[in-house]
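Undergrad: Here is my input; please provide its structure:
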Amino acid sequence: MKHICLFLFILGNSITLFGQDQERPNILFIAFDDLRPLIGAYNEPEPMTPNIDALSEESVQFNRAYVNYPLCHPSRASMLTGVRFDNQRITKGKGQFEAKIAVQDTWPRVLRNNGYWTATRGKLYHGKVPKNDKDAWDVPGKFWVKDFTDGGPTINDKIVEIGGRQDQIDTYLETGKGPGALMYASVDGPDEILTDGKTAKAVIDFIKNGRDKNKPFMISCGFARPHMPWVAPKKYFDQYPKDAGKLAFVPEGTDRDLTKDPYQGRKGSEIWNEGVDDKTAQNLIRGYMASTSYADAQMGKVIQALKEEGLYDNTIIVVWGDHGYHLTDHGKWRKNTGYHVSLRCPLIIKVPHSNKKVKVDNIVQNIDIYPTLMEMAGIDVSDDIHLHGNSLTPLFNGNSKEWEDITFTCAKGTYGVVTSKYRFTKMPDGQKFLFDLEKDPGEWNNLANEKKYKKIIAEFEQKMDKVVWNKPTDIQ
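TA: Down below sits the predicted model:
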């Protein structure tokens, strides 16, 4: 693989390329699990995310970032390989995530092959580092396999407030598990008692002590929150008043029979808000925000460690959420639907040696992260790597004239597109959905059957027919 010693920085309003004497940038990749753009930086007034907000003030913030598939497994596989995945089986038997990771070199592997010291802790992949990508890391850190549940006797004894679906609370308390439990719990204990506090502590140790200081580093820091169950230390719940939490808008007269909804999920999801009343729903959203604030605080500790070591200025920092989340939007809680709120994700990139705030409204995708990191690190990928996305660096300065504002999406066998104005989705049975996101951001008025939209729908379908999923190729 050819290494190009060019390094990209924003200075003022221009991009400057430096030569071989320029110090290579470090990379810190921060992934949040199930974090939608319910963040202060994205103009949400209620959530308390001071550390993400502060980083955004010195970074490039992408306001219209999307994932190709709104579920952890395919979204993370796409982000790591630069290939669109639609969650279909790509090989026989088990190990579907490993099979996706193996379609071509992941960007952590490319970085290590080009002289970076690499380490990961927490959730970057779908769980622990797969066996077939362990050699992409100097330290393939653990996913806290035994401790990930943030439950069990040690935690249960310290719970001071708990709520949500009672059946799922019971399972969590009995088994110490419940990664998909619709519940919240306030724990009277320090940050390090839970998974994300442990992850931050380990990553800080990488930064300060554990790395090879003769090499640039790429460290991945994967936070488990705000994934369910919404368990966080008490002090983060205490930041929010008891009446915090806002349910999604529902037009008067809306049919709440979700058996008619095009996206069905786990058992119980066909019931509006999975059967919880509005007050419980409000408390659950408060729990989601408390979990977000907890994860945000852990990120703040990691950023502070960079500053204390004098590494902040020369480090590329990427903050990414792996998909959106409903939180009662359309009567649903979770992800894995074709709705706009499920497809959209936060994405913030701190450019080295720049404190310039840039807001980008162009449509970007999780598959754009791979080529962006390669360009920023000055690496020319080998000819056998084919990326479905594009480097975001032209957008850092607002150079968006040649940028095509479209992303291709899939959820549960339904394929579609999102543009700056529309979301279009085609169901397996041929049913179509078209929403004007400018006039109808809540997606309540399906325009697909109106004659005047026939032409634009045909154009979307033509584009969708050319899109490649599940395999690296130059043909997109």
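Undergrad: Keeping just the C-alphas, turn stretch 37-51 into PDB.
TA: Extracted C-alpha coordinates of stretch 37-51, given in PDB (Å, rounded to 0.1, in the frame of the first residue of the first chain):
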ATOM      1  CA  PRO A  37     -28.700  13.700  17.200                       C
ATOM      2  CA  LEU A  38     -30.600  14.500  20.500                       C
ATOM      3  CA  ILE A  39     -27.600  16.700  21.500                       C
ATOM      4  CA  GLY A  40     -27.300  20.300  22.400                       C
ATOM      5  CA  ALA A  41     -24.900  20.800  19.500                       C
ATOM      6  CA  TYR A  42     -27.800  19.800  17.200                       C
ATOM      7  CA  ASN A  43     -30.100  22.500  18.700                       C
ATOM      8  CA  GLU A  44     -31.900  20.200  21.100                       C
ATOM      9  CA  PRO A  45     -32.500  22.300  24.200                       C
ATOM     10  CA  GLU A  46     -33.200  19.600  26.800                       C
ATOM     11  CA  PRO A  47     -30.200  17.100  26.700                       C
ATOM     12  CA  MET A  48     -27.100  18.000  28.600                       C
ATOM     13  CA  THR A  49     -24.100  17.200  26.500                       C
ATOM     14  CA  PRO A  50     -21.500  19.900  27.400                       C
ATOM     15  CA  ASN A  51     -18.500  17.900  26.100                       C
END
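Undergrad: Glu58 and Lys357 touch, don't they?
TA: Yes - when contacts are counted by C-beta atoms under 8 Å, Glu58 is listed as touching Lys357 (6.4 Å). Using the backbone N, CA and C atoms, a C-beta is placed for each residue, glycine as well.
Undergrad: who's more crowded, these two?
TA: Glu58 (16 against 12; other C-beta atoms under 10 Å).
Undergrad: ok, the more buried one to Gly321 distance?
TA: 19 Å (C-beta to C-beta, to the nearest Å).
Undergrad: for the stretch 351-476 of the chain, what spans make up the helices?
TA: 369-377, 454-465 (DSSP state H, counting those that start in this stretch).
Undergrad: what do you get for the stretch 1-150 of the chain?
TA: With helices called from DSSP H, counting those that start in this stretch, the stretch 1-150 of the chain shows them at 50-56, 72-81, 96-101, 107-113.
Undergrad: Name the residues of the longest one that are buried.
TA: For helix 72-81, burial by neighbour count (16 or more other C-beta atoms under 10 Å) applies to 72-81.
Undergrad: tilt between it and helix 369-377?
TA: Taking axes from the mean of the first three to the mean of the last three C-alpha atoms, to 10 degrees, one finds that helix 72-81 is oriented at 30 degrees with respect to helix 369-377.
Undergrad: how far out from the middle of the chain is helix 72-81?
TA: 10 Å (C-alpha atoms, centre = their mean, to the nearest Å).
Undergrad: correct me, but Val83 touches Ala102?
TA: No - look at Val83 against Ala102 with C-beta under 8 Å: they stay out of range, at 10.9 Å.
Undergrad: quick one, which of the two is more surrounded?
TA: Applying other C-beta under 10 Å to Val83 and Ala102 shows that Val83 carries more neighbours, namely 26 against 17.
Undergrad: Could you check the pLDDT of that one?
TA: As predicted, Val83 sits at a pLDDT of 97.
Undergrad: got the contact list for it?
TA: For Val83, the contacting residues are 77, 100, 103-104, 367, 386-388, 470-472, by C-beta atoms under 8 Å, 6 or more residues apart in numbering.
Undergrad: Any quick PyMOL command for the buried ones out of those?
TA: Of the contacts of Val83, the buried ones go into a single PyMOL selection, burial set by 16+ other C-beta under 10 Å:
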select buried, resi 77+100+103+104+367+386+387+388+470+472
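Undergrad: any idea which helix or strand comes after the longest helix belonging to the chain?
TA: Criterion DSSP state H: the longest helix present in the chain is helix 278-308. Counting by DSSP states H and E, the element after helix 278-308 in chain order, helix or strand, is strand 315-321.
Undergrad: Check which helices and strands that following strand sits against.
TA: If you count contacts as 3 or more C-beta pairs under 8 Å, 6 or more residues apart in numbering; DSSP states H and E, strand 315-321 packs onto strand 26-32, helix 50-56, helix 278-308, strand 344-350, helix 369-377.
Undergrad: what about 10 Å?
TA: strand 26-32, helix 50-56, strand 60-66, helix 72-81, strand 217-223, helix 278-308, strand 344-350, helix 369-377 (3 or more C-beta pairs under 10 Å, 6 or more residues apart in numbering; DSSP states H and E).
Undergrad: Now the nearest residue to Pro472 once chain neighbours are set aside. Its backbone dihedrals?
TA: Spatial nearest neighbour of Pro472, excluding adjacent residues (C-beta to C-beta, 6 or more residues apart in numbering): His386 at 4.0 Å. The phi/psi pair for His386 (degrees, to the nearest 10) reads phi -120, psi 120.
Undergrad: please begin residue numbering at 215 from this point
TA: Renumbered: residue one is now 215, and that last one reads His600.
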